[in-house]
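Novice: compute the structure for the input listed below.
(chains A and B, ligands or ions: 2)
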Amino acid sequence: MPPLGSLSQDLDRRDFDWYADKLVEILVFAGGFSAIILILGIFFFITREGLGFVFSSLDIVEFFTSPRWRPTSELNATYGAFALMAGTASITGMAMLIAVPFSIGAAVYIAEFAGPRSRETLKVLVELLAAIPSVVWGFIGLTLMNSLIIEVFDVPVGLNILNAGLILGLMAAPIMTTIAEDALKAVPDHYREAAEAMGATKWQVTRRVVIPAAKKGLAAAILLGVGRGFGETMAVLMASGHAINIPGSIFDSVRALTATIAAELGETAVGSEHYRALFTLGIFLFTITFVINLTADIIVRGTRKR
Amino acid sequence: MVAAPSTPPPVVEVNNLRIRYGKEVALQLDELSVVPNEIFGIIGPAGSGRTSFLKAVNRMDLFDRSMDVEGSIRFRGRDVRTWKNVYSLRRRIGVVFPLPVGLPLSVYDNVALAPRLSGVRAKSELNDIVERCLRRAALWDEVKDRLSSLGSLLSGGQQQRLTIARGLSQDPDLLMLDEFSIAVDPVTTMRIEDVLKELKQELTIILVTNLVQQARRLADRTAFFLGGRCIEIGATDAIFSGEVKDRRTTDYILGRFG
Ligand SMILES: Nc1ncnc2c1ncn2[C@@H]1O[C@H](COP(=O)(O)OP(=O)(O)OP(=O)(O)O)[C@@H](O)[C@H]1O
Ligand SMILES: [Mg+2]
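Specialist: Numbering: from 1, shown residues only, chains lettered A, B, ... in the order given. Ligands and ions are numbered 1, 2, ... in the order given. Prediction:
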């Protein structure tokens, strides 16, 4: 046995590994911290531009309940965002109606039923779909979908909730599929084998064991899709018709919050009332997407704990 | 008319079985049969092919692409590979794995899963099955107040017994246990062993075990697997009193093994 003196020296010595470890710790901390600073910075910027307006001249009741978004009116500018909110909500709702069954179905197929070959192929295809820029989707909506909807449903205008919802649904589905598939894959195989050994069919195993075990991850996938729907701008701007409207049917054109900001911000004078009203929309959007992402995050965290 | 004196047909009947993983032969069995209402013990050192045998009976070879089964295994007279509906085969055979698998469902749903799969819907009937199976697996007293908590959160030994309860809930003709006591304390092990002795009235049991004495306590007949071969099959009493064909059997039982 070594004498105690040298042993206790050993326990206190800071060697190269110790310093390397500390250095990495500091670097990683700096990296993470700067990301937080950036997000706070963005939040601060948006708030500074919009919040003054919220407190000075914005009529909160009007903002949330009036469908009249007339920021350019000379005499009596009104800032009712209700129609824009309805537009965003209806497009997102439509999109989820399409994307949820598609993406969950695709994820279940890829994770549970597909053979190794088709699984790899499908995953590559899904990732490819996720990489299509939103302007291209918007273009498809503007041209292909537009005429298709006019023809199939015999309506005068094809740029509407249905169109934007379809496009947005197709856009959100790949990322939702990927996340949902990860959630299903995270369910250990020995659960599947134990259930199958009892005589459960593939589908019974999926329905009774795998999906319940992965339900939090699946919920997170859906929520991230919703977040995507709220935040998407370009494709929605192009496919929705961009008309201020409280929608009565899926064939009505609507205008989304994001599209409004994108379309109008360039034409406003910096610091004007209109400019600051658009930032207020930004705060509203930011808050909603933040809450959605936070919820998704909390749900996923819940899964990891188990 | 005088009934011909006949032994009942075997539950499991094996002929010229060969199990391989890739090129490597894991088990070669010329002949083996398990008769109704017996406990058939299989002992042998690690890697002797016992788990592979159970997998082949239950057609779990389908889970593993590299696993290849040749020859015939007949379950109740019919080759398991000719059962078109492999699910109905598996429902008749309960398996308890060496590593406990509490499914990530509630304790109740774990045990109610198999009856539900086979179409039981009535709440009261499910309640009865769940309670009976948990009692038989010596788990009821510990979980009766937490039936709705997650099965995967129970302790290792509790999950092991939950797995046994699940195997019983299938109401199987054949129960295959693979080292069931690996994570269970001695007292509980004894309780489950008593249950197995009772259960033998109703069903047939194949018991793979690393505990030679467990085979001695429970098995009517015992087989000794070694290096992928069945060296010995015989009445447990005979084997343990030294009436063996192969000396290595006695060596293994007495722990005189290299
Ligand atoms: N999935 C597999 N892939 C490849 N080889 C395997 C696989 N499973 C088992 N084997 C091999 O087959 C042989 C028999 O294994 P098996 O699991 O049947 O033995 P066992 O008697 O159950 O042993 P243990 O006491 O360790 O459980 C071993 O040599 C093992 O390495
Ligand atoms: Mg084994």
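
Novice: could you list the buried residues of stretch A:126-141?
Specialist: The neighbour-count criterion (16 or more other CB atoms under 10 Å in any protein chain shown) identifies A:126, A:134, A:137, A:138, A:139, A:140, A:141 as the buried residues of stretch A:126-141. Every residue, glycine included, has its C-beta placed from N, CA and C.

Novice: now swap in stretch A:281-298 and tell me
Specialist: Across stretch A:281-298, burial judged by 16+ other CB under 10 Å covers A:281, A:282, A:283, A:284, A:285, A:286, A:288, A:289, A:292, A:293, A:295, A:296.

Novice: how far out from the middle of the chain is it?
Specialist: 9 Å (CA atoms, centre = their mean, to the nearest Å).

Novice: residues contacting residue 112?
Specialist: Since you didn't name a chain, this refers to chain A. A:184, A:202, A:205, A:206, A:210 (CB atoms under 8 Å, 6 or more residues apart in numbering or on different chains).

Novice: try again with chain B
Specialist: B:120, B:126, B:129, B:130, B:169.

Novice: what does residue B:136 give?
Specialist: B:164, B:165, B:168, B:195, B:199.

Novice: for those, which one is nearest residue A:77?
Specialist: Comparing these against residue A:77 with CB to CB places residue B:165 closest, at 70.8 Å.

Novice: please state the offset of the helix or strand that closest one falls within from the chain centre?
Specialist: Per DSSP states H and E: residue B:165 is located in helix B:156-169. Distance of helix B:156-169 from the chain centroid (CA atoms, centre = their mean) equals 13 Å.

Novice: show me how far the helix or strand just after it is from its chain's centre.
Specialist: Stepping forward along the backbone from helix B:156-169, the first helix or strand reached (DSSP H and E) is strand B:174-178. With CA atoms, centre = their mean as the basis, strand B:174-178 stands 1 Å off its chain's centre.

Novice: what angle separates strand B:174-178 from helix B:156-169?
Specialist: 160 degrees (axes from the mean of the first three to the mean of the last three CA atoms, to 10 degrees).

Novice: quick check, residue A:73 in a helix?
Specialist: No. With DSSP: H, G, I helix; E, B strand; the rest coil as the criterion, residue A:73 is located in coil rather than a helix.

Novice: and it, how close does it get to residue A:274?
Specialist: 10 Å (CB to CB, to the nearest Å).

Novice: go on, residue A:219?
Specialist: On the measure of CB to CB, residue A:219 and residue A:274 end up 39 Å apart.

Novice: and the closest residue to residue B:244 other than its chain neighbours, what's its pLDDT?
Specialist: Closest residue in space to residue B:244, ignoring its immediate chain neighbours: residue B:250 at 5.4 Å, by CB to CB, 6 or more residues apart in numbering or on different chains. pLDDT recorded at residue B:250 is 92.

Novice: touching, residue B:250 and residue B:242? I think so.
Specialist: Yes. Shown here, residue B:250 and residue B:242 form a contact pair, counting by CB atoms under 8 Å, at 5.8 Å.

Novice: can you report phi and psi for residue B:34?
Specialist: Per-residue torsions, residue B:34: phi -120, psi 120 (degrees, to the nearest 10).

Novice: I'd say it and residue B:40 touch.
Specialist: Yes. Residue B:34 lies in contact with residue B:40 (CB under 8 Å); the separation is 4.5 Å.

Novice: okay, and the common contacts of those two?
Specialist: Joint contacts of residue B:34 and residue B:40 (CB under 8 Å, 6+ apart) are B:204, B:206.

Novice: neighbour count: these two, which is higher?
Specialist: The residue with more neighbours, out of residue B:34 and residue B:40, is residue B:40; 26 against 23, by other CB atoms under 10 Å in any protein chain shown.

Novice: tilt between the host helix or strand of the more buried one and strand B:174-178?
Specialist: In the assignment (DSSP H and E), residue B:40 maps to strand B:39-43. Here strand B:39-43 points in a direction 30 degrees away from that of strand B:174-178 (the same axes, to 10 degrees).

Novice: strand B:39-43 and ligand 1 in contact?
Specialist: No. Figure legend: strand B:39-43 not in contact with ligand 1 (CB under 6 Å from any ligand atom); closest approach 8.2 Å.
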